[in-house]
Every structure is written in C-alpha cells, then in structure tokens.
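Just a sequence and a predicted model for now, questions to come.
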Amino acid sequence: MPSKFAATHRLLAVLLLGFASGLPLALTGQAMQAWLSVAGVDIATIGFLGLVGVPYTFKFLWAPLMDRFELPLLGRRRGWLVLTQLLLASALYWMAGMSPAATPLLFAGAAVSVAFFSASQDVVIDAYRTDVLLPNERGLGSSLAVFGYRLAMILSGGIALIWADQWGSWAQVYRVMAGIFVAAAVVSLLTLPRVSGILKPLDSNPLRELAGFLALLAGVLAGAFVSRWALMALGLDPDDTNKWIRLLFILAGVMCALPLGAWAAHKAGFETLNRSLTSYFAQPGAWAFLLLIVLYKFSDAFAGSLTTVFLIKGMAFTQAEVGIVNKIIGIWLTIFGALIAGALMLRLTLYRALLIFGVLQMFANFGFWALAVSGKGAWGGFTLAPFDWGIVALKQPADIDGLLMFAIAAENITSGMGTAAFVALLMSLCNHRYTATHYALLSALAAVGRIYISPLAGVLSESIGWPAFFVLAVVLGLPGLYMVWRMRKAITRLAETDVDRASPA
C-alpha cells in the first residue's frame, strides 16, 4: 500500500473514530439535560445527574484489561471496539424506553450504562489512535479527531434537540442514536486499518490479572462504603436537603475509593495496571503533568456543565433555537476551528499551542456572561428561512438571537482548538505497550472537571446567579494556564524527543 494512501487511510480512520467517540457524550450530557429540563426536573437535580458520567473518570481501572487481553480474530484494538459499540447501541435503546420523571432511578441507571460503554469505547479509540498514527501525524491527527468529535456533539447535542422538538419524542431520538452505533460497529469491523508492529500484550498470568481487577473493584467499593460510614458517624445524612452535604458525601467517596482500590490492585498482583503505572511515573515531571491535565480544561468543563440548562431554563430559549444555533455554528465554525488548529499546530510548538489555545478557550466564557447580563435580543438577531437538509429540517422561519450565536460560536471554535493541542499532549505521554491504560488514566483525569464539577456547578448557579457563574468559569482557567507556563521546558522537551517509552517493534 503506498505510503500516502496509508497515511490518508489512518487519518480518515481517526476522523471517523473521533465521531464515534463524541456521539455518546452529549447523550448523557447536553441532550440529557434538555430531556430533563423539558420533563420538569429542577436545576440542582440535573446537576447531580451529571454524575452519571462518573465512568469517564474511572475508565483507567478497567483499561488494563483491554491492554492485557485480545479478543479473537479481530485484533487487539478492533475486537474491543466492535464489542463496545454494539453494547453502546443496546444501552441507548434501553435508555430510550425510560422516563426521567416516572422512573428517575432506572433512567439514571440506563444513563450510567451508556456512560460506561462510552468510556470503554474511548479507551479503545484513544489507544488505537495513539498506536496507529506516526509521530509526525499526531498534530493533524488530533485536530481531525477533535473535528470528528465536535461534529458528533453537534449531531447528538444540537441536531438531536431539533429532532426532539420536531418529533415531540426524546425516546425516538435515542433509538436513532442506537441505530447509528450499530452502523459504526459495522464500519469499524470492515474498514479500520490494522495497527502494524504493535507490541504484544504483557506476558502475565491471566487468572491473576482478573483476580487483581476484582480486588481493585472491591477496594473501590470498600473505600466508598468507609467514607459514607465515617461521615454518617459524624452525624451527617447522605439524603440531607442541604446539597452541599450531599456533595461532600460524593467527593469523600471518590477520595477514599481510589487509594484503597490502587492498594488492593497492587497487593493482588494486577500486573498490567501495576507495571503501567510504574512506567508512567518513571518519567520526569509525571505528577506535574497530571496536575496540568486536570486543570487545563477546567474552565471549559465548569461552564459547559450547565450550558444547555442555562440557555433553556435561564434564558428561556427554545430547544429548537438552541439546536439550530448549535447546528449552524457547529457545521461551519467547528470545521473552521478544527482546520485552523491543525494548520497552526504544524507551525506552533506544542507549548505555544497549549498556551494560546488555552487563553482563547478561557475567555470564550465571556460570551455566555454577556448573554446572562444583557439578555435576549441585546445584539439583535435575524430570521432563519425554512430549510430541509435531509438529516434535519426547519419547517417554519425561526428567529435567531445574535448574542446567542456569538457565544456558542466562540465556545465551539476555542474549545475545539484547545482540545486539539491537549490530545496531542496526551498522545506524547503514552507508552505503546500500555497505551490503553496510560491514555485512559490521563484522559480520565481530564474528565474530573467535567464530571465532578457538575454537582458543584448546579448548586453554585442557584446560589450566585448566572453572570457570576460565568465570571468564575473564566477565573478557573488561570491555574491551568499557569501550569502550562511553568512546565514550558518539560513540554518542549517532550515534543522534541517524542517520548514513546517503548517503540513498536
């Protein structure tokens, strides 16, 4: 196969997998928020339901199994990918039959299952992308991955709102998304290029690996139980009407669960996880990189955790208007943002890309602040004529708010640019023998802000109001930028040496 064709094949695969990775996120995020909002669920509860995304922050716990075990016939990465996509289709179809108002616990359980299989798919996709791309393809590859990811979020977080408004049924929307994942599994099975020269899985006792994984799960559950018991012993009630106390129970559970889980895995001999962590922490600045990863997207995650709720409940925009604006801006400006990020990363160093794009994504939150302060109609607007583009149609003219367009445009472009640089950083930190585990660990930490900030964001938005909420979102971007500046030498050295820890044979 000619090298140029092979490179194009790899980059196209990365684009398609970026789309598959981005599609489920809004279905347990923005789209689910819209569903809950029209169902009459209160804002604070919607914030707490953001915790259904917890699997995204724990995916490194089962990622070692995907590094260690290979499903028969389909290869180390492709087999897991097809399996997770079929499971995602099943979970989405199940969720479509739930009612958030009538059966809230069952609905939350279905959403958690979607998030779990989505996080598992991400583990495989991230590992595949890191393994299949050559070092000189990573900048453009990460840009294309973000491009596909954002297009998918436009579909599930933008067009889905229009469909729900037109069809009058969120259940039908989720059934369509389930069908898309069946198609994705077929595409993955038949078209993805194989990863050449990938290192074989670690040679270890498979039964002991499984026992180590079970020990890890037991440690995590024990940690969560111990923290809950300790707080209750102090007289606190996990079902207290005070939402800050309920948030304390959640955070304490996480802080106790992870250390106990790691200790149990070490004692039980979960070798793939143990050696993977040893490999990562052996590199200079390992802990500082972890802190940078947590903080870099924090501002973006804090504001984004309740953006849809803000627009629908706080500003009284209709589902259709929010969906239309996301669609228009997403299709054209996300393309622009992804392309310009890829072009700039061919010229910028990784450090400069992280710094410049980080500043832009932080200040983009002022668009939502301006909307909260000025209100609807402050910048005028225009009427969008009816259209029919096949996958989405507008039967009646729609009034579009100018400031709403500006705010969403700024968020789409700058967040996509920041993510492109961020993905390139994560790929550079991975060892090919433990790609799934390393990338899962790093990206899970990146998701900490998005997942665990959601309950806090819901409480704060009610306490301080929307304008102050978005100012706080901007301020929360400063620590991440400081870490980028402080680690400029380490980031430059990482990019120059293309640290792979172990090159494929």
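Structure received. Numbers count the residues shown, from 1 in each chain.

contacts and neighbour counts: CA atoms only from here.
Noted.

tell me which element the nearest residue to Ser113 once chain neighbours are set aside falls in.
Leaving aside its sequence neighbours, Ser113 sits nearest to Ala91 (CA to CA, 6 or more residues apart in numbering; 6.2 Å). Here Ala91 sits within helix 78-96, counting by DSSP states H and E.

you'd agree Trp466 is up against Leu371?
No - checked against CA atoms under 8 Å, the pair Trp466 and Leu371 is beyond contact range at 9.5 Å.

With neighbour numbers in mind, choose between the two.
Taking neighbours as other CA atoms under 10 Å, Trp466 and Leu371 compare with Leu371 leading, 23 against 20.

So the more buried one versus Gly314, what's the distance?
Counting by CA to CA, to the nearest Å, the separation of Leu371 from Gly314 is 10 Å.

What does the pLDDT read for the residue nearest to Ser113?
As predicted, Ala91 sits at a pLDDT of 93.

element containing the residue lying closest to Asn274 once chain neighbours are set aside, please.
Excluding the flanking residues, the one nearest Asn274 by CA to CA, 6+ apart is His266, at 6.3 Å. Assigned by DSSP H and E, His266 belongs to helix 243-268.

after that helix, next one along is what?
By DSSP H and E, the next helix or strand past helix 243-268 is helix 271-281.

How far off centre is that following helix?
24 Å (CA atoms, centre = their mean, to the nearest Å).

Check the offset of the helix or strand just after it from the chain's centre.
Per DSSP H and E, the first helix or strand lying C-terminal to helix 271-281 is helix 286-296. From the chain centre to the centre of helix 286-296 is a distance of 17 Å (CA atoms, centre = their mean).

Repeat that for stretch 7-27.
13 Å.

Check which residues of it are buried.
7, 10-27 (16 or more other CA atoms under 10 Å).

Which members of these occur in strands, if any?
Among the buried residues of stretch 7-27, the subset assigned to strands under DSSP state E is empty.

mean confidence for the next helix or strand after the helix holding Ala91?
Once helix 78-96 ends, the next helix or strand along the chain (criterion: DSSP H and E) is helix 104-132. The average pLDDT for helix 104-132 rounds to 87.

What is helix 104-132 packed up against?
helix 3-27, helix 55-58, helix 63-68, helix 78-96, helix 435-464 (3 or more CA pairs under 8 Å, 6 or more residues apart in numbering; DSSP states H and E).

can you redo those helices as CSV with distance to Leu192?
Converted to CSV, the helices and strands packed on helix 104-132 look like this (distance: least, CA to CA, whole Å):
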stretch, distance to Leu192
helix 3-27, 6
helix 55-58, 24
helix 63-68, 18
helix 78-96, 8
helix 435-464, 18
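
out of those helices, nearest to Leu339?
Leu339 sits nearest to helix 3-27 of all the helices and strands packed on helix 104-132, at 12.5 Å, using CA to CA.

which parts of the very next helix or strand once past the closest one are buried?
Next helix or strand after helix 3-27 toward the C-terminus (DSSP H and E): helix 30-38. Going by neighbour count (16+ other CA under 10 Å), the buried part of helix 30-38 is Gln30, Ala31, Met32, Gln33, Ala34, Trp35, Leu36, Ser37.

Could you list every helix and strand that helix 30-38 packs against?
Using 3+ CA pairs under 8 Å, 6+ apart, the elements in contact with helix 30-38 are helix 43-49, helix 160-167, helix 307-309.

Recalculate using a threshold of 7 Å.
Using 3 or more CA pairs under 7 Å, 6 or more residues apart in numbering; DSSP states H and E, the elements in contact with helix 30-38 are helix 307-309.

Report the distance from the helix it packs on to the chain centre.
Between the centre of helix 307-309 and the centre of its chain there are 16 Å (CA atoms, centre = their mean).

Show me what it is packed up against.
Packing partners of helix 307-309 (3+ CA pairs under 7 Å, 6+ apart): helix 30-38.

what sits up against the helix it packs on?
The contact list for helix 30-38 (CA atoms under 7 Å, 6 or more residues apart in numbering) reads Ile46, Pro100, Ser156, Gly157, Leu161, Trp170, Thr308, Val309.

Include neighbour count when you put those residues into a markdown table, please.
Formatted as a markdown table, the contacts of helix 30-38 follow (neighbours: other CA atoms under 10 Å):
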| residue | neighbour count |
| --- | --- |
| Ile46 | 21 |
| Pro100 | 18 |
| Ser156 | 27 |
| Gly157 | 30 |
| Leu161 | 30 |
| Trp170 | 20 |
| Thr308 | 23 |
| Val309 | 22 |
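
Tabulate those (TSV), appending distance to Leu144.
Converted to TSV, those look like this (distance: CA to CA, whole Å):
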residue	distance to Leu144
Ile46	32
Pro100	35
Ser156	18
Gly157	19
Leu161	25
Trp170	30
Thr308	25
Val309	29
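
and these as JSON lines, adding distance to Leu494 and pLDDT?
Shown next, in JSON lines, are the contacts of helix 30-38 (distance: CA to CA, whole Å; pLDDT from 0 to 100):
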{"residue": "Ile46", "distance to Leu494": "40", "pLDDT": "73"}
{"residue": "Pro100", "distance to Leu494": "46", "pLDDT": "78"}
{"residue": "Ser156", "distance to Leu494": "35", "pLDDT": "84"}
{"residue": "Gly157", "distance to Leu494": "35", "pLDDT": "75"}
{"residue": "Leu161", "distance to Leu494": "42", "pLDDT": "81"}
{"residue": "Trp170", "distance to Leu494": "45", "pLDDT": "87"}
{"residue": "Thr308", "distance to Leu494": "37", "pLDDT": "78"}
{"residue": "Val309", "distance to Leu494": "40", "pLDDT": "81"}
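
out of those, who's nearest Ser113?
Using CA to CA, Pro100 comes nearest to Ser113 of those, at 15.0 Å.
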